[in-house]
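*Asks:* just to be clear, the model below is a prediction. Sequence and coordinates:
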Amino acid sequence: TQLLEQSPQFLSIQEGENLTVYCNSSSVFSSLQWYRQEPGEGPVLLVTVVTGGEVKKLKRLTFQFGDARKDSSLHITAAQPGDTGLYLCAGVPPHQETSGSRLTFGEGTQLTVNP
Amino acid sequence: DTEVTQTPKHLVMGMTNKKSLKCEQHMGHRAMYWYKQKAKKPPELMFVYSYEKLSINESVPSRFSPECPNSSLLNLHLHALQPEDSALYLCASSHRTSGSYEQYFGPGTRLTVT
């Protein structure tokens, strides 16, 4: 069974601070996705990283996929209250079917950004 | 358009009731999923339909019965549920694009079993 360890589990910071969330595994993933989820809503896909060493930016969010495709990080610059939510990483194990994949989720990081 | 819709938004049911959750997507995705999510936990996979056939059942109790009438619709039939089944039920869909298998989630149905 492939596991994704996500840290930290909880993070409470002040507006304007920077933060990094980590997602680590001993297993290789063919791709990794990051989601943000607000209370009572479904997860919203933020980004997918596929290539080892890949870096993607989404406004103040920077996502990185490790060279060996076993880990990923999410860095937020100058956090804002609107960034508050549950951040989930989810990996796709290799050799999945063409359609219909079993995602391996991290435990999530509950981020609170205080004004 | 990357929208997955789910109805109802909220559902309260007794332990002897029969109800159904509905999910719809018009993105041409050929895989659809049901997940169960407890508060502040990641989603737990329940079922996967691939090309309208059940491909994964994660040992879900028979009181949950999935159905995929066509490539755009996914139902979850509920019968004789237990209070511990109260949770957010999420539907998702995906289509393989460049090997990324991105899944798009609906807003969920908040289920309360009394």
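*Replies:* It's in. Residues are numbered from 1 along each chain as shown, chains lettered A, B, ... in the order given.
*Asks:* for chain B, which element, helix or strand, carries the lowest mean pLDDT?
*Replies:* When the helices and strands of chain B are scored by mean pLDDT, DSSP states H and E, strand B:53-57 comes last with a mean of 91.
*Asks:* list the buried ones in that strand?
*Replies:* Buried residues in strand B:53-57, counted by 16 or more other Cβ atoms under 10 Å in any protein chain shown: B:I56. C-beta here means a position set from N, CA and C on the backbone, and glycine is covered the same way.
*Asks:* so which residues of chain B form strands?
*Replies:* Counting by DSSP state E, chain B has strands at residues B:4-7, B:10-13, B:18-25, B:31-37, B:44-50, B:53-57, B:64-70, B:73-79, B:87-94, B:103-105, B:109-113.
*Asks:* out of those, which comes closest to A:Q33?
*Replies:* strand B:103-105 (7.3 Å; Cβ to Cβ).
*Asks:* what mean pLDDT does the closest one have?
*Replies:* The average pLDDT within strand B:103-105 is 93.
*Asks:* distance between that strand and the chain's centre?
*Replies:* Strand B:103-105 has its C-alpha centroid displaced from the chain centroid by 11 Å (Cα atoms, centre = their mean, to the nearest Å).
*Asks:* and it with chain A, contact?
*Replies:* Yes - for strand B:103-105 and chain A, the contact criterion (Cβ under 8 Å from any Cβ of the partner chain) is met by B:Q103, B:Y104, B:F105.
*Asks:* surely the first one touches A:Q33?
*Replies:* Yes - proximity of B:Q103 to A:Q33 meets the contact threshold set by Cβ atoms under 8 Å, at 7.3 Å.
*Asks:* between those two, which contacts overlap?
*Replies:* A:L45, A:A90, A:L103 (Cβ atoms under 8 Å, 6 or more residues apart in numbering or on different chains).
*Asks:* chain B next: which of these are close?
*Replies:* Near chain B, by the rule Cβ under 8 Å from any Cβ, you find A:L45, A:A90, A:L103 out of the shared contacts of B:Q103 and A:Q33.
*Asks:* in its sheet, which strands sit next to the helix or strand in which the second one is found, and in what direction?
*Replies:* A:A90 is part of strand A:85-92 when elements are defined by DSSP states H and E. Strand A:85-92 has the following strand partners under DSSP bridges: strand A:31-37 (antiparallel), strand A:104-105 (antiparallel), strand A:109-114 (antiparallel).
*Asks:* can you put those in a markdown table and add mean pLDDT, distance to A:S72 and mean neighbour count?
*Replies:* Formatted as a markdown table, the strands paired with strand A:85-92 follow (pLDDT from 0 to 100; distance: least, Cβ to Cβ, whole Å; neighbours: other Cβ atoms under 10 Å in any protein chain shown):
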| stretch | mean pLDDT | distance to A:S72 | mean neighbour count |
| --- | --- | --- | --- |
| strand A:31-37 | 95 | 5 | 24 |
| strand A:104-105 | 92 | 12 | 22 |
| strand A:109-114 | 97 | 12 | 17 |
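*Asks:* so who does A:A68 touch?
*Replies:* Here A:A68 is in contact with A:V28, A:G52 (criterion: Cβ under 8 Å, 6+ apart).
*Asks:* could you report the distance from it to A:N24?
*Replies:* Taking Cβ to Cβ, to the nearest Å as the measure, A:A68 falls 11 Å from A:N24.
*Asks:* any buried residues in stretch B:24-37, and which?
*Replies:* So for stretch B:24-37, counting by 16+ other Cβ under 10 Å, buried means B:E24, B:Q25, B:H29, B:R30, B:A31, B:M32, B:Y33, B:W34, B:Y35, B:K36, B:Q37.
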